[in-house]
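# sequence and predicted structure are below.
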Amino acid sequence: MAGLSVYPTFDPTNYGLPVSTSGVSDSELVERARRGDHAAFGTLVDRHRTSAFRAALAALGSPDDAEEVTQEGLVAAFRHLGDFREQASFKTWLLAIVWRKALTRRRSVRALLHRMVAPPEDTEWQFPDTSRSQERELIDVELADHVRRLIAGLSPKLRDVLLLTTAGEQTYDEIAGVLGIPVGTVKWRVAEARRQLKGRLATLGYGHV
Amino acid sequence: MSEQQKRDVDLDAAIDAVAREMTNLEAPASLRAEVLARIEAPAAGRWLGWQRWSLAAGAAVVVIAAVAIWWPTGPGDVRGTGRQAGVTDAPSVRSAEFQPGVSDAPSGRSAGLQARGTGTAAVRDIGLPRPEPGQREARGTGSASVRGTEPEPRVDEATPDFGPAPLAGPPPIAIDALAPGAIDIAEMQVPALEQIQPIAIKDIPIGSTDPQRR
C-alpha cells in the first residue's frame, strides 16, 4: 500500500530539493552533466530545445520529423559531452549535432523517395497555424502562398540559411558555426535567396526587378 | 523612397514573415522528459548490447577454434567421404631412402577418397606412430577431415600395406648407333656420307709470331 501514499516519502540521504539554475551558465551545467547530473542536462535541454527544434524544422519541414531529430540530437549531445571542448558555445555545438542529424534524415532513402513522388515545388510544408499572426494579416494571402511555395522550391543551401536567419534564434556567426561555413557565405546565401525569390515573384506580377 | 524601393521592401517583409512562419513552432514541452528518459534508459540497453557483443565474440571464438581443429592442417590432408567400408584411407608410404624407380607420388585415392596435395603433416592427424629413423614414413594423406562413422583403422604390422605398388620403370631405350647410310627415297636420293679425313693441326710454339696464336 506504500505506493498509494499521497505523501512523499522522506529520504534522509537524498535532499532532492529543487534548485534554481537560472543564474547558472551553460558551461557549469555542462560540467555538472558530465559528472552525471541529468537534471543539469535537463536544464540545458529546456534552454535550447526550441532553437534546436526550429533548426531541425528548417531542414526537414515536418514537425514530427523535427521533434524526432531534436530528441536524437539531444541524446547524442549528452552521450558526447566529453567531446565538447568549449571552442564554441554549447548552443552552437548542440545545434550542429541536431543539424547534422537533420541532414542525415533529409538525405535518407525515405526522404529521397518522398521527394521523388512529390517535387519540391509541390511539397506541402507543414505550416504551423498562423492564421492569427499579426504579420500575416498585413500580407496578402495570395502573396504569402506564393512566397511559401517559392521558398520550398529554393535549393536546400539557400533555403536553409534563409529559414535559419529568419527564425531569429541564431546570429549569423552561430549559423556559420552550425553549418560549418564562413559568415560571408551565410550572408551571401541569404541575399541570393532573397534575390531569387523576388525575381520569381516578379514573374508572377509582384514588384519589379 | 521610390515606388520600386517601396515594393522591394514589401517583398522583403513578406519573405521574412513567411519564412519565419515556416519555423515558428515551439518545441514540445515533453521533450525534456523524453530526452531524460532516453538518457537514463539506455544504461540497461547498452548493458544488454555489451552482453550481446560478448556473447557474439565468445561464439566467434568457439567457431574459430572448431574450424582450426577440424580444418585440414596441410595440403596433404584428405577429405574422405567415409563411404568405403573396411578400407583405410591409404596413406601412401615413402621409403626413407631414395629408391630409383619407385614412385614417390602419394596416391591417396583409394575408393571414395580424394587426396589433396602431397603434404606430410597428417601423421599426427591420423594417429600413426612416428616413424623411427630408417623406417618407412607414412605420408600425410591422413584423415584429419575424414567424415564418416567408421572407426579409423590403425596402421600396424597386421595391416596390409596399401601403399602404391612400385611402378615398373620404362624399358631403357636402346639405340645401337647412328651409322651413316644411304637414304633411298623414290623422289630423293642422298648418297652415303663420305668418310672425312682427319685434319692435322700443327702446334704453334711459344713465342711464335703467327697471328693464329693470339
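Noted; the coordinates are in hand. If you're wondering where the values come from, they're calculated on a predicted model, not measured in any experiment. Numbering: from 1, shown residues only, chains lettered A, B, ... in the order given.
# use CA for all of it now, contacts and neighbours both
Fine.
# ok, stretch A:44-63 near chain B or not?
Yes - using CA under 8 Å from any CA of the partner chain, stretch A:44-63 reaches chain B at A:45-46, A:49-50, A:53-55, A:57-58, A:61.
# what does chain B put close to chain A?
Residues of chain B found near chain A (CA under 8 Å from any CA) are B:4, B:7-8, B:11-12, B:14-28, B:31-36, B:38-39.
# re earlier: mind listing which of the residues of stretch A:44-63 next to chain B are in helices?
Using DSSP state H, the members of the residues of stretch A:44-63 next to chain B that fall in helices are A:45-46, A:49-50, A:53-55, A:57-58.
# show the buried residues in those residues.
A:45, A:49-50, A:53-55, A:57-58 (16 or more other CA atoms under 10 Å in any protein chain shown).
# biggest separation within these, which pair?
Maximum pairwise distance among those (CA to CA): 18.9 Å, between A:V45 and A:A58.
# quick one: is stretch A:156-163 near chain B?
Yes - using CA under 8 Å from any CA, stretch A:156-163 comes into contact with chain B via A:162-163.
# next one: that stretch to chain centre, how far?
Stretch A:156-163 sits 13 Å away from the centroid of its parent chain (CA atoms, centre = their mean, to the nearest Å).
# stretch A:38-53 now?
How far stretch A:38-53 lies from its chain's middle: 12 Å, per CA atoms, centre = their mean.
# please export the C-alpha coordinates of it as PDB.
Below are the C-alpha coordinates for stretch A:38-53, written out as PDB (Å, rounded to 0.1, in the frame of the first residue of the first chain):
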ATOM      1  CA  HIS A  38      20.900  14.500 -15.500                       C
ATOM      2  CA  ALA A  39      18.900  17.400 -14.100                       C
ATOM      3  CA  ALA A  40      21.600  19.800 -15.200                       C
ATOM      4  CA  PHE A  41      21.400  18.500 -18.700                       C
ATOM      5  CA  GLY A  42      17.600  18.800 -18.400                       C
ATOM      6  CA  THR A  43      18.100  22.500 -17.800                       C
ATOM      7  CA  LEU A  44      20.300  22.700 -20.900                       C
ATOM      8  CA  VAL A  45      17.500  21.000 -22.800                       C
ATOM      9  CA  ASP A  46      15.000  23.500 -21.600                       C
ATOM     10  CA  ARG A  47      17.200  26.400 -22.600                       C
ATOM     11  CA  HIS A  48      18.000  25.300 -26.100                       C
ATOM     12  CA  ARG A  49      15.200  22.900 -27.200                       C
ATOM     13  CA  THR A  50      13.300  25.500 -29.200                       C
ATOM     14  CA  SER A  51      16.400  26.600 -31.100                       C
ATOM     15  CA  ALA A  52      17.300  23.000 -31.800                       C
ATOM     16  CA  PHE A  53      13.700  22.200 -32.800                       C
END
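# in chain A, which spans are helices?
Using DSSP H, the helices assigned to chain A run over residues A:26-34, A:38-60, A:63-79, A:90-106, A:109-117, A:134-138, A:141-153, A:156-167, A:172-179, A:183-203.
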